Structures are given as C-alpha cells and as structure tokens.
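> could you look at this predicted model? Sequence included:
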Amino acid sequence: MAIPELQQRLRDFVAERDWQRFQTPKNLVMALTGEVGELTEIFQWLTAEQSATVMSDPARAEHVRDEIADVLAYLLRLCDVLGIDPEAALAAKITKNAIKHPSN
C-alpha cells in the first residue's frame, strides 16, 4: 500500500472516532516521541549482536513491528496534518545529505 493510501486509512480511522481535535501537531509529536521510546525500550539493554538478531525471536519481532507501525502511523499523521509530502521531504533531505556529506 502506498503512503497516500496509508494516510487516507489513518485519516478515516481518526475521523470515525472523532479524534481530529486531539491530533494537533503538538500532540502528534508527543505521541510520536512516546512510541519511539517504546521502540527504544526493546533495544535498550541488548548488545550490538543481540540487536542485529532481534527479528529472529518471533515474539520480539512482532513487538518491533508493532512499535515501528505506531511510529510510522504518528509520523504519517503529523505529515498529513501539516501538509507535508513525506516522500518529497525524504527525497529532498537525501539530496541535502549527499551534498553535506559527499562520498570519498
């Protein structure tokens, strides 16, 4: 499913629950931060080697996928509320980073 379709599904989900009034940029950023914290918690005490194999444990892999989905959902909602095209924003940032950090 493409990003605009995901954003529409999220928009519909929010509208069906009348949550638009709560999903202000400030609240979405706060929620996004909380979800990133939950994702961080999964990796917090793992070694580098353990973190590289985190997806080999089915239960932990599901937890990682769920938290990544939560992070992505809030990020996509924030983009939608602010009128930012996330694909265009990322493409522009990659270009800026290539200029800022040229390859050897």
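Yep, it's here. Numbers count the residues shown, from 1 in each chain.

> just give me the neighbour total for Val71.
Counted with other Cβ atoms under 10 Å, residues neighbouring Val71 total 19. (C-beta placed from N, C-alpha, C; glycine too.)

> pretty sure it is in contact with Val36, am I right?
Yes - if you go by Cβ atoms under 8 Å, Val71 and Val36 touch, sitting 5.7 Å apart.

> assign Leu76 to helix, strand or coil.
Taking DSSP: H, G, I helix; E, B strand; the rest coil as the rule, one finds Leu76 in the helix state.

> how far away is it from Gly34?
As judged by Cβ to Cβ, to the nearest Å, Leu76 and Gly34 stand 16 Å apart.

> same thing with Leu90?
In terms of Cβ to Cβ, Leu90 sits 23 Å off from Gly34.

> re the thing from before, quick one: which of Leu76 and Gly34 has more around it?
Neighbours per residue (other Cβ under 10 Å) separate Leu76 from Gly34, with Leu76 holding more: 20 against 12.

> neighbours around the nearest residue to that one once chain neighbours are set aside, how many?
Once flanking residues are discounted, Leu76 sits nearest to Gln7: 5.2 Å by Cβ to Cβ, 6 or more residues apart in numbering. Neighbours of Gln7 under the rule other Cβ under 10 Å: 17.

> ok, Gln7 touching Leu78?
No - between Gln7 and Leu78 there is no contact under Cβ under 8 Å: 10.5 Å.

> tally of neighbours for Ala88?
By the measure other Cβ under 10 Å, the count of residues near Ala88 is 9.

> so which strand or helix has it?
Secondary structure from DSSP states H and E places Ala88 in helix 86-100.

> show me what that helix is packed against.
Here helix 86-100 touches helix 58-82, going by 3 or more Cβ pairs under 8 Å, 6 or more residues apart in numbering; DSSP states H and E.

> hmm, who's touching the helix it packs on?
3, 6-7, 10-11, 14, 23-25, 28-29, 31-32, 35-36, 38-39, 42, 54-55, 84-86, 89 (Cβ atoms under 8 Å, 6 or more residues apart in numbering).
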